[in-house]
Structures are given as C-alpha cells and as structure tokens.
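Undergrad: the following block contains a protein sequence and its predicted model.
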Amino acid sequence: MYKEEKYEVLKRYFGYESFREGQEDLIDTLLCKKDVFGIMPTGAGKSLCYQVPALMFAGITLVISPLISLMKDQVAALNQAGVYAAYLNSSLTQGQYFKALEFAKAGKYKIIYVAPERLLTESFLGFALQADISFVSVDEVHCVSQWGQDFRPSYLKIVEFIQRLPRRPVVGAFTATATQAVRDDVMRILQLQNPKVVTTGFDRKNLSFAVRTPKDKKREILSILTEYQKESGIIYCITRKLVEEVYESLKGYGVSVSKYHAGMSDQERMEHQDDFIYDRTRVMVATNAFGMGIDKPDVRFVIHYNMPKNMESYYQEAGRAGRDGEDSDCILLYSAQDVHTNQFFIENNRENEELSEVELEDVMAKDRERLKKMTYYCYTNDCLRAYMLRYFGEQTGNYCGNCSNCLKNFEEVDVSKYARIILGCIEESRERYGMTVIIDTLRGSRNEKVERYRMNENSYYGTVREVSQQRLREIIRFMLTRGYLMQTDDGYAVLKLTENSYHLTVKGEQLLMKLPKETAAAVVESTRKKLVKAQTGNAKRMMADHPALYERLRELRNETARKMHVPAYVVFTDRTLLEMSGYLPVTREEMLAITGVAQAKYEKYGEQFMAVIRDYKMDHGEEISAPKARAKIRF
C-alpha cells in the first residue's frame, strides 16, 4: 500500500516519478514509524524525505529549522503544490503568529515549520500538547552538537519538547554535513531510537572546485565574471566591510549585483535578497549570513573572496551552486590574511552566551582545529575533491579530473631529504619556533630574528640555501597535512614533531610530493577553456531542442512568478522547461508526464504553458519533427 501511495504523493504534489538515491530508503523507514538520520549533500533532496511521509501520516508534521528563509521558501513551494503549510518564527508579527497558531489548532495545516526557540514557549506548547503530532523532523541537525560547525544551544530544547508530548512521534534528523563525531553526538543528544542512518555520499560531481591565490582579488573577480555572462552566482566575503567594498566595486563596473550582511536593515536585506532570488540581479555579494535555506537551483558559480573558517561551512556554501544538477563552479580566493581574520573571530566568539567558560574553550579548541584543516585545503596539491571527501570520512581516489589541482600539470618529487632536514632543525631548536624562523634558518638568513634566537648556531643553518623560500614553505605545509608535523594554536604557530615524524627520521620512510610544473601547454589549455565557457553563454538555452521555445517558456515562467510573488523556480525549474521544450506537450496527459509538473501546478499553469507550445508548433510546423519519445530524466 505504502509503495503505490508514496509514488502517487510524489507525482501529485511534486511532479516527479522516481526517487533519488537514499530518499526512498528514508521514507520507507519513516512510514514504518521508525526514526531516521539522513546525511545528504545540499541539492540531494532532503526536504522530500520528510515532506512525502508528512503527507501520508494521519497527524501533523513539525519541521524544526533555524532558517527563516528556508521555512518561507518551502512553505511557498508547498502552498503552490496544493499543500497547506505554515511557519512559526520571529519574522511574524505577534498577531500573525497567534493567527497561524489558531489555524494550526483548527487542523488547517498538514506541515508546520517552527524555529527551535519557539518549542517551549507557553503558546506553542499549549498547541502541541493538544495536537496530533505524528512526526518531528529536525533539519540542520548538526546544530545540536558541539562538535558541529554551527552549534546552537536552542537545539538542545528539542529533546525536552519531545519528552513533554503525550505520545512520542517518529523523529527524523537531517543534515548536509556531519563528521563521525557529529553523527554520534546527534544520535545521543536527540535520543534517536535505533535510527536508520542513510548517507548518500558527499560528492557533488557536477561541481568543479578551484583554489586561487591572486594578488588582486577584485580584479580576479571581474575576470571570473566575464566567463559567466548572464548566469547567477554568489560571492562570499568574510566581513561586512568587504561585502560593501566588493559590492560598490562591481556596481561601478556595471555588474547587476545585490548585497547581504547583518549590518543592513531587515527591509534592505529582504529587498536585496528578493532581487537576487527573483533574477532582478544576477550576482549576490554577501557574508555567510546569506544562503542558509535559499533554494535557488540555477546558481552557476560560488566564489569565496576569503577562506571560510571550516570545511563544513565551505562545503555548505559552495554547495549552493548547481542545485539543479548542471555543471557549476566553486572558486576559493585564498590569502594568508584570511587565516588571521578567522583566528580573530574564533578567539572573540561570544555568540553562544549559554555556554560556560569551560564549554566555550572546548568549542574554540575544536574551531581552531577545523580552521587548520580548512587552511590545509587551500594549499594542498592533492585532489581538492578527494581532500574534502576524506574530511567527511569518505575514502576515494586522488584524481577527480574536475578540480584546479587535477587539471594542473604536476610532477611527483621525492622530498624525503628536505623533510628530514626540516625535522632535524625543528628538533635541535627544541620545537620553539614557527615556520618563518625555521625556513630562514635553513636558508642561512642573517636577519635579526635568526641571530637573536641564535639559530645561526643550529647545525642545520644554511644547509638548503639552494631551495627557494616558497618551495620550503610548500614542503612544510605538505608535512602538516600528512601529519608529519603539527602547529600549536596559542597565538604563535610553533612547529612541533609528531609520532609520524619518526617514520621519516628513524624508519627512513619516503615522502613523495606533487609539485606544480607550469608548462606552456597547461596555460594554453586553461585559456581555451575560459574562451569556450565565455562563448557558450547560457548553457541551458544551448541544451534545449528548441531554444526559441525554451526562451518563450522561460519568459512566461518569470512573468507568472512575478505576478504570484514567488521565485521563478517555485513555478517551474529550468530543467522542467527544458523538458517541455523537448517533448512539446499539448495535452493534459503529456504535460503531467513532464518531470516537475504536479497535479496542482498543472491546474494553475498547465493551460498557459501549453498555449505557448501550441503557438510555437503552429508557427514552426514544417520545421518541427515529431516530439521525441519521453525518456525518464533524473531530477
């Protein structure tokens, strides 16, 4: 019974005919009234995993989320699909909040999104204790763990809330990022009962990753934007000041741009966010305050103007590119200053006021360790995708063919000799100094620090004058990423030996390192790819069987969205329009067979879009061959 019903719900309300990897497994488990824990990357369809069961359970489903923008987007999309849903958060006035609660008590809503801070309030508890709650879904569940990158004490209220309900509902936990430590913490804190854990993998194959170290970041941004023409993208900056600087710079060059940071008024932020979401501007410059819960599927690039504070944040923010499955780029512009800025933020983080001094120090220590791993990502010569996947516990090969390191020309060099000299110098100096002092010592520098520390008396002084400062720095960084060295966190990054150090010095282990080999051929290939991307323009338009029809459908979709006051993708996604322009549906049955066209959407928009297709067929009757047989397209 469940099998047929879940597919009927999937098609009727969401317009899809098949589930993605992991979705069906999680849904089936929930329908058997068992807890689940889903770890799925951004864009993998987590929301369907709780929305489909919610529409099949007899009672109400509560979706607990910290993201106001996600609540609004998903409620808007559900209402468009013919599902009664609501959200309860701080964006509502007191009158709106109590009106929504009144409707909830009357049984109007099947799905209710609620902020964790609201759970134990007298007004919400008064509703919840009397309601028939079948299912509680916790989104962004990594926030419950102090091991997570975004710990929120308000998430600890979830357990008490569930315990106070007259009957324990089924509980689902969902996140895009969770290391093993976070997973264990989530299951313990939320008291999940023998949950089915489904991890679909962290790899987003449609995303290309790159790290660049430009001298002039603003000039680099302008260069990158010339490759994307009309495409949408996000540029993340580490501070509000930088957001303003980059925004004004791009605006001065005539770029269609919005901005978003916590220093703007609520009204101003909303206007700029809407301009980007509704395609009135094509580029968003923002701090990490923007993007959580923003479900814009056609973001073609995400540029990080600065290095984020950890891999979890980078994975989530970069993952906002290419949610529709199309090829998209994630580019990180790195500079050493980014490390110092992030260290300052970590040391001065007082956001979690509910933490004791001991707990706060514990969180800060974890943050420092995560910052190290993020920094290693920025200067590794290994495959960037493989580095990221290994961070999340996923073993993989060391070549993806779709990151800046894999596309560079590298040569493998034996650096064992230099590694042993570095370790010997550090050991002889009793592990008291940082990278710069060690490098200056090895290269025989006569600067003030070397002489003041008497490092010119170290037996390794001047032993590798022939090796450049940059190359020695690369070797030390490589040794840090591979665990042959470590750095302290106490304000001054001192190099220390590790247990692995002795594999090189005593056991004679070989250390092979990939080093970049710049060639004319590599430069020519890089230039050729940029030209191809710039000439291609709108990739989706070029994919369409009938590009002119695709553009007409896109214009109708955008105009309809403006009238309905919803983002364009809430009406139909680009992929749905591509399918329409290929299969040319002109009957109810043909239109309902298109991926993304659900019953409610057909009733609202079907005739308008079919009218455009009929007109196009009449105008181009002789040129149009019979529509191709409809193949199943993965969404």
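TA: On my side now, so go ahead. The structure displayed is predicted, hence computed values, not measured ones.
Undergrad: please count neighbours and contacts with C-alpha atoms only from this point.
TA: Fine.
Undergrad: name the residues that touch whichever strand or helix holds residue 245?
TA: Using DSSP states H and E, residue 245 maps to helix 240-252. With contacts defined as Cα atoms under 8 Å, 6 or more residues apart in numbering, helix 240-252 is touched by 218, 222, 236-237, 256-263, 285-287.
Undergrad: ok, and for the helix or strand following that helix, which residues are buried?
TA: Later in the chain than helix 240-252, the nearest helix or strand by DSSP H and E is strand 257-260. Buried residues in strand 257-260, counted by 16 or more other Cα atoms under 10 Å: 257-260.
Undergrad: need these in TSV with pLDDT, can you?
TA: Compiled in TSV, those are given as follows (pLDDT from 0 to 100):
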residue	pLDDT
257	96
258	96
259	95
260	94
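Undergrad: same list, those, but as JSON lines with distance to residue 208 please.
TA: Compiled in JSON lines, the buried residues of strand 257-260 are given as follows (distance: Cα to Cα, whole Å):
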{"residue": "257", "distance to residue 208": "23"}
{"residue": "258", "distance to residue 208": "24"}
{"residue": "259", "distance to residue 208": "25"}
{"residue": "260", "distance to residue 208": "25"}
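Undergrad: and these, which is closest to residue 139?
TA: residue 260 (23.4 Å; Cα to Cα).
Undergrad: residue 273 is in contact with the closest one, correct?
TA: Yes: under the criterion of Cα atoms under 8 Å, residue 260 makes contact with residue 273 at 7.1 Å.
Undergrad: over to the nearest residue to residue 57 once chain neighbours are set aside. Which of the three states is it?
TA: Nearest non-adjacent residue to residue 57, counting by Cα to Cα, 6 or more residues apart in numbering: residue 134, 6.4 Å away. When classified by DSSP: H, G, I helix; E, B strand; the rest coil, residue 134 comes out as strand.
Undergrad: what's the neighbour count on residue 134?
TA: 19 (other Cα atoms under 10 Å).
Undergrad: residue 249 too?
TA: The tally of other residues near residue 249 (other Cα under 10 Å) stands at 15.
Undergrad: per-residue pLDDT, it?
TA: For residue 249, the model assigns a pLDDT of 95.
Undergrad: and it, how far from residue 236?
TA: 15 Å (Cα to Cα, to the nearest Å).
Undergrad: in this protein, where's the longest helix?
TA: With DSSP state H setting the assignment, residue counts place helix 357-379 as the longest helix in the chain.
Undergrad: give me the buried positions along that one.
TA: Applying a neighbour-count criterion of 16+ other Cα under 10 Å, one finds 360, 363-364, 366-379 buried in helix 357-379.
Undergrad: now swap in stretch 130-140 and tell me
TA: Buried-residue list, stretch 130-140, by 16+ other Cα under 10 Å: 131-140.
Undergrad: any low-confidence regions in this structure?
TA: 1-4, 147-149, 292-294, 350-355, 490-491, 516-544, 621-635 (pLDDT under 70).
Undergrad: need the phi and psi values for residue 113.
TA: Here is the backbone geometry of residue 113 (degrees, to the nearest 10): phi -90, psi 130.
Undergrad: what is the neighbour count of it?
TA: For residue 113, the count of nearby residues is 26 (other Cα under 10 Å).
Undergrad: can you check residue 412 too?
TA: With other Cα under 10 Å as criterion, residue 412 counts 11.
Undergrad: part of a strand, is it?
TA: Yes: applying three-state DSSP, one finds residue 412 inside a strand.
Undergrad: contact partners for the spatially closest residue to it that is not a sequence neighbour?
TA: With Cα to Cα, 6+ apart as the criterion, residue 412 has its nearest non-adjacent residue at 4.4 Å, and that residue is residue 514. By Cα under 8 Å, 6+ apart, the residues touching residue 514 are 381-382, 410-413.
Undergrad: try it again at 10 Å.
TA: 380-382, 405, 409-415, 475, 478 (Cα atoms under 10 Å, 6 or more residues apart in numbering).
Undergrad: what about it, distance to residue 416?
TA: 13 Å.
Undergrad: and for the two, which residues touch both?
TA: Listed as contacting both residue 514 and residue 416 by Cα under 10 Å, 6+ apart are residue 475.
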